[in-house]
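# just the structure for this:
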Amino acid sequence: MITALADQICTLLNAAPAGTFTPPFVAVRLNVPIVELTDLDTLHVTVVPGGWDRKQVARANNYALRTRLIDVGIQQRFSADQLTTGGNAATDPLIALGEAIAEYLALQPIGQGGIVSEAQLATDLYERQHIDQLATFTQIVRLTIAGA
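The predicted model follows:
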């Protein structure tokens, strides 16, 4: 199940050796990632079950290729001054964290014989509206897991 995969990814992130991720965090899994704005004064990493896809490859033995999507959200609220006058200093560590999470999970077995076949940390996954209106940095690392 996709929720079990999201739980496993959450567990993998939280069990990573000390120093693997900077800044450190405790990941949580939420099906509906609604967080109070005041709670975002500290770093939040949220694992959210996304979608899934099943493609029939062969009729024999009902062989199908399954892929599942898991999103890892990275969020933190900053003061307006930190975002406007601080340049990239406030958000660079969070962008690097997203990349580190993607690289770390790419090396981990997921589910029953699954692997992270694609990790996307794309600019279209930044929530610009969150920065403009809420002074909150939100980045999504989208994981495509094949064969799990």
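
# next, count neighbours for A96.
Per other C-beta atoms under 10 Å, the neighbour tally for A96 reads 13. The way it works is simple: take the backbone N, C-alpha and C, and place the C-beta from them, glycine included.

# any buried residues in the strand or helix carrying it, and which?
Using DSSP states H and E, A96 maps to helix 92-106. Buried residues in helix 92-106, counted by 16 or more other C-beta atoms under 10 Å: 94, 97-98, 100-102, 104-105.

# again with stretch 33-53
In stretch 33-53, counting by 16+ other C-beta under 10 Å, buried: 33, 40, 43-50.

# how far away from the center of its chain is that stretch?
How far stretch 33-53 lies from its chain's middle: 9 Å, per C-alpha atoms, centre = their mean, to the nearest Å.

# how about stretch 7-19?
Distance, centroid of stretch 7-19 to centroid of chain: 12 Å (C-alpha atoms, centre = their mean).

# repeat that for stretch 25-38.
11 Å.

# do stretch 98-115 as well
Stretch 98-115 has its C-alpha centroid displaced from the chain centroid by 11 Å (C-alpha atoms, centre = their mean).

# also stretch 41-59?
10 Å.

# got the CA positions of it in CSV?
Taking C-alpha atoms only, stretch 41-59 is exported to CSV below (Å, rounded to 0.1, in the frame of the first residue of the first chain):
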residue,chain,number,x,y,z
ASP,A,41,8.6,28.7,12.7
THR,A,42,10.6,25.5,13.1
LEU,A,43,11.6,23.2,10.2
HIS,A,44,8.8,20.7,9.1
VAL,A,45,9.5,17.7,6.9
THR,A,46,6.3,16.0,5.9
VAL,A,47,6.0,12.7,4.0
VAL,A,48,2.7,12.5,2.0
PRO,A,49,1.5,9.5,0.0
GLY,A,50,0.9,10.8,-3.6
GLY,A,51,-0.5,8.8,-6.5
TRP,A,52,0.2,5.5,-8.1
ASP,A,53,0.2,3.9,-11.5
ARG,A,54,-0.2,0.4,-12.7
LYS,A,55,0.7,-0.6,-16.3
GLN,A,56,-0.1,-4.1,-17.6
VAL,A,57,3.1,-5.3,-19.2
ALA,A,58,2.1,-8.9,-20.0
ARG,A,59,-1.0,-11.0,-19.7
